[in-house]
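Chemist: here's my sequence, what's the structure:
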Amino acid sequence: MASALASEQAERHEVEVAYSRRAETPVSVRDSFSSGVRLVQLQMSAPKDWMGALWRLRQRVDSNATDVVILHSSLAGFLGRLALLGLRRPVAIVYIPHCISFMRRDVGAFKRWVFVALERIACVTPSTYVACSESEQARIRSWLPGVKCWLVENAVHLDPDWRLQKQTASGAKPGRMVISVGQLRAQKNPAMFAKIASAVSRTHPDVKFRWIGDGDLELRQRLGDAGVDVVGWLPKAEVLGELRGASVYVSTSQWEGMPVSLIEAIAAGLPLLVSNCDGNVDVVRHGESGFVFDNVDEAVRYLTLLLDDASISKAFVANAWDGLGARFSFDGYAMKMEALLQAVVARPTSANRSLG
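Modeler: Reported below is the predicted structural model:
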């Protein structure tokens, strides 16, 4: 979402992206952005890097006469707002958490309260929050009363012929492939995906399971032991090709903001089977555009239905496609973000400078 937004904004504004490299960062970051986006690396992946990076960020915002700073993710949102506290000239700050930290379900209540406290501390620097789903917006408003919070749902670049493809979308495909996409970490809950794969394989040995993504080695091994083909990270075009060749998309996430992978699966004509968590339930209407499950047994039962009854899959695909272009097209997302920028920037002009 960050690269797509910055690349689109560069068509009308001067855009610079400050980024920090992590283990999963692509080798060539440049390939993720259009040529109109300037890139600058400010290493912030370890606490020892923070002070220097924050000082350099503050200097860049001042020297570039930046009008708006867009902060992506909870860590960038916290550090960025500290870096920009008390600037001598007005700078609009837009903060997009992409699933705010206190939505996590792999930590206890005390740690979630710590996350909330850190957010409230960072609010000393005025900013506008942007939630990527109604669930996230509700959480932000509940835990941070009084903050300005816009709703701009995530979106994808749709194939120009997607409306024509809708006429031939038929749900489950002959290959009987169940697929999921995401990093191997607690949030995505690949351990549950492994349990589902093991259970379904006992009654449907012809069904194959595939996970696109990488991360924790122990979780990768667990998927492999369950017969799941873990293919690692693939270029976006190849991911979309894998989705089009699959039969069902399954999300086992414990929490989400607004999962782009689900939107891409809808565009690829896949029926959806998703866990009952924030973000997932903002995309899928249970029994209408997919199934929502609470545990492994429910997931196995619903997945078996989707694999064995093509009429259910076809109905879900058709229902999910209704409104796809209006709700999840990137053109609509870009228009909403542009309206937001014009609303928050102190002196809107055609040559606004933004730093993401």
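
Chemist: looks like Val178 contacts Asp206 (just checking).
Modeler: No: if you go by CB atoms under 8 Å, Val178 and Asp206 don't touch, sitting 11.5 Å apart. (C-beta placed from N, C-alpha, C; glycine too.)

Chemist: more crowded one of these two?
Modeler: Neighbour count, other CB atoms under 10 Å: between Val178 and Asp206, Val178 has more, with 27 against 8.

Chemist: the more buried one: what secondary structure?
Modeler: strand (DSSP: H, G, I helix; E, B strand; the rest coil).

Chemist: show me what contacts it?
Modeler: Residues counted as contacts of Val178 (CB atoms under 8 Å, 6 or more residues apart in numbering) are 197, 200, 207-210, 246-250, 303, 307.

Chemist: in strands, which of these fall?
Modeler: 208-210, 248-250 (DSSP state E).

Chemist: circling back to that earlier point, for Leu71, state which of the contacts of Val178 is nearest.
Modeler: Closest approach between these and Leu71, by CB to CB: Tyr249, at 30.3 Å.

Chemist: can you check the pLDDT for Leu79?
Modeler: If you check Leu79, the pLDDT there is 92.

Chemist: that one - how many residues pack around it?
Modeler: Using other CB under 10 Å, Leu79 has 22 other residues around it.

Chemist: just Ala268 next, same as before
Modeler: 22.

Chemist: farthest-apart pair in the ones in strands among the contacts of Val178, please.
Modeler: Counting by CB to CB, the most remote pair of those is Lys208 and Tyr249, 13.8 Å apart.

Chemist: which of the two has more neighbours?
Modeler: Tyr249 (23 against 18).

Chemist: touching, Ala18 and Val40? I think so.
Modeler: Yes: the pair Ala18 / Val40 is scored as a contact, 5.1 Å apart, by CB under 8 Å.

Chemist: now do the phi/psi pair for Cys277.
Modeler: With angles defined as degrees, to the nearest 10, Cys277 sits at phi -140, psi 160.

Chemist: check contacts around it.
Modeler: 105, 253-256.

Chemist: longest helix in the protein, please.
Modeler: The longest helix of the chain (DSSP state H) is helix 47-63.

Chemist: in that helix, which residues are buried?
Modeler: 50, 53-54, 56-58, 60-61 (16 or more other CB atoms under 10 Å).

Chemist: can these go into a markdown table with extra columns for pLDDT?
Modeler: Formatted as a markdown table, the buried residues of helix 47-63 follow (pLDDT from 0 to 100):
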| residue | pLDDT |
| --- | --- |
| Trp50 | 87 |
| Ala53 | 88 |
| Leu54 | 89 |
| Arg56 | 91 |
| Leu57 | 91 |
| Arg58 | 91 |
| Arg60 | 90 |
| Val61 | 90 |
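
Chemist: for Arg71, grab phi and psi.
Modeler: Wrong residue type there; residue 71 is Leu, not Arg. phi -100, psi 120.

Chemist: likewise for Ser127?
Modeler: phi -150, psi 170.

Chemist: which one of Ala18 and Val40 is surrounded by more residues?
Modeler: Ala18 (21 against 12).
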